[in-house]
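> need a structure here:
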Amino acid sequence: MTTRRTLIAAALALAAVPGLAQADWPERPVTIIVPFAPGGATDITARIVADAMAAKFGQPFVVENRTGAAGNIGVEAAVRAAPDGYTFLFATQGTMTVNPHIYQLPYDPATDLMPVSQTFSVDHLVAVNPVLGVTTLQEFIDLAKQRPGELAYGSAGVGSFLHLTTLMLEMAAGIELNHVPYRGSAAAQVDLLAGDIQMVMDSVPTALGQIESGALLALALTSSKRNPKLPDVPTMIEAGVPGYDIASWGGLMAPKGTDPEIVARLSAAVREAYAQPGVLAQLEERGLGATASTPEEFAALIRRDFEALGNVIRTAGIKLE
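Numbers count the residues shown, from 1 in each chain. Now for the predicted structure:
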């Protein structure tokens, strides 16, 4: 009996030693919750990452789409999941840095989730119809100042990234535009092409075809680096809007309390996968910026955008009806 008790005590002691309990992780399939429908940038990237992680760890990484409430339903499911290293969230800029400012949430993404790694970024740009007669961002700003409140822009809805980034431009440039919300950016682009609105702050993947055909004109990019798909389009900073630097993004998060060693292993595995040309090609051919990071780097990005977009939301008084 004494020997048996000794063996049990020894086993429990070993299990309590940091690192030993998770040495064989993962030992069964891992779920990645995507809080949006299949087919979008978040879902596509999640599946590319899931395949890479399955190849790395020898266990299935299964993408589970939990949609609704601007991503809040899927996020809450991840927050409520057991922090055992077998459930992760594929979060977005909206779910982490916008929704907390405009929704009454039953969780706090800043404290109830742990950053693992950023996984993609998407550049946005100021797109206009050439019939407007402007060819540079400064010309657009000058025209907007001459016609305050007259130039209309489309967005994917109140509080959407397209809405907030255009508000950032209005605040930075001292202009007033007319907001026309749509159900999605595709509908806004249709009206832009028809000349019913004058501008859309669209994503590069969505607008690229129309820009390359000459149907739309790109005036400036929202991020601080030029996009390889549009090397001649200046950044906002280059075009005369100091400090303007933002892109939409997504990344892996873990429920609070997940073993930090598991988080570190998964983060390192994502960075390792992004060093493989095949993984990079899958993302880049879809117009997605392949961006892996450490948990600390991802946490810093979340904090930065939480403050920047929160300031826009408060200043503009954005509230959902």
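> which residues in the stretch 101-250 of the chain form helices?
Here the stretch 101-250 of the chain has its helices, by DSSP state H, counting those that start in this stretch, at 109-112, 137-146, 161-173, 185-194, 204-213.
> So which of these has the densest surroundings on average?
helix 161-173 (a mean of 22; mean count of other CB atoms under 10 Å). Where C-beta positions appear, they are placed from N, C-alpha and C, glycine not excepted.
> Could I get the average pLDDT for that one?
Averaged across helix 161-173, the pLDDT comes to 95.
> for residue 63, what are its contacts?
32, 34, 43, 46-47, 50, 90 (CB atoms under 8 Å, 6 or more residues apart in numbering).
> before we move on, the earlier item: which one of the helices of the stretch 101-250 of the chain lies nearest to residue 129?
helix 185-194 (5.7 Å; CB to CB).
> what packs against the closest one?
Packed against helix 185-194 by the contact rule (3 or more CB pairs under 8 Å, 6 or more residues apart in numbering; DSSP states H and E) you find strand 124-128, strand 152-155, strand 199-203, helix 204-213.
> And stretch 38-48, what's buried?
Neighbour counts using 16 or more other CB atoms under 10 Å place 41-48 of stretch 38-48 among the buried residues.
> before we move on, back to that, will you turn the helices of the stretch 101-250 of the chain into JSON lines that also has distance to residue 300?
Below are those laid out as JSON lines (distance: least, CB to CB, whole Å):
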{"stretch": "helix 109-112", "distance to residue 300": "13"}
{"stretch": "helix 137-146", "distance to residue 300": "28"}
{"stretch": "helix 161-173", "distance to residue 300": "20"}
{"stretch": "helix 185-194", "distance to residue 300": "28"}
{"stretch": "helix 204-213", "distance to residue 300": "24"}
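> which one of those lies closest to residue 273?
Checked against CB to CB, the stretch from these lying closest is helix 204-213, at 21.1 Å.
> Give me the angle between the closest one and strand 199-203.
Angle, helix 204-213 to strand 199-203, by axes from the mean of the first three to the mean of the last three CA atoms, to 10 degrees: 120 degrees.
> Please enumerate residues in contact with helix 204-213?
41, 122-125, 127, 185-186, 189, 193, 200, 216-218, 221, 227, 229-230, 286-288.
> wait, isn't residue 154 in contact with residue 193?
No. Judged on CB atoms under 8 Å, residue 154 makes no contact with residue 193 at a distance of 10.8 Å.
> List the neighbouring strands of the lengthiest strand in the chain plus their orientation.
Assignment by DSSP state E gives strand 113-122 as the longest strand of the chain. Sheet partners assigned to strand 113-122 using DSSP bridges are listed as strand 248-255 (antiparallel), strand 289-290 (antiparallel).
> Which of these comes out lowest on mean pLDDT?
For the strands paired with strand 113-122, the weakest mean pLDDT is recorded on strand 289-290, namely a mean of 88.
> Centre of the chain to that strand, how far?
Offset of strand 289-290 from its chain centre (CA atoms, centre = their mean, to the nearest Å): 11 Å.
> Not counting sequence-adjacent ones, nearest residue to residue 141?
residue 173 (4.8 Å; CB to CB, 6 or more residues apart in numbering).
> before we move on, back to that, any chance of the helices and strands packed on helix 185-194 in JSON lines, with mean pLDDT too?
Conversion of the helices and strands packed on helix 185-194 to JSON lines gives the following (pLDDT from 0 to 100):
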{"stretch": "strand 124-128", "mean pLDDT": "96"}
{"stretch": "strand 152-155", "mean pLDDT": "96"}
{"stretch": "strand 199-203", "mean pLDDT": "93"}
{"stretch": "helix 204-213", "mean pLDDT": "92"}
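> Let's have these in JSON lines, adding distance to residue 80.
Shown next, in JSON lines, are those (distance: least, CB to CB, whole Å):
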{"stretch": "strand 124-128", "distance to residue 80": "32"}
{"stretch": "strand 152-155", "distance to residue 80": "31"}
{"stretch": "strand 199-203", "distance to residue 80": "31"}
{"stretch": "helix 204-213", "distance to residue 80": "32"}
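> on that earlier part again, which among the helices of the stretch 101-250 of the chain is found nearest to residue 234?
Proximity to residue 234, assessed across the helices of the stretch 101-250 of the chain by CB to CB, is greatest for helix 137-146 (7.6 Å).
> which residues are contacting the closest one?
With CB under 8 Å, 6+ apart, helix 137-146 has contacts from 126, 128, 132-134, 151, 173-177, 199, 219-220, 234, 236, 239-241.
> what's the answer for stretch 309-321, then?
93, 97-98, 101-103, 158-159, 163-164, 167-168, 171, 246.
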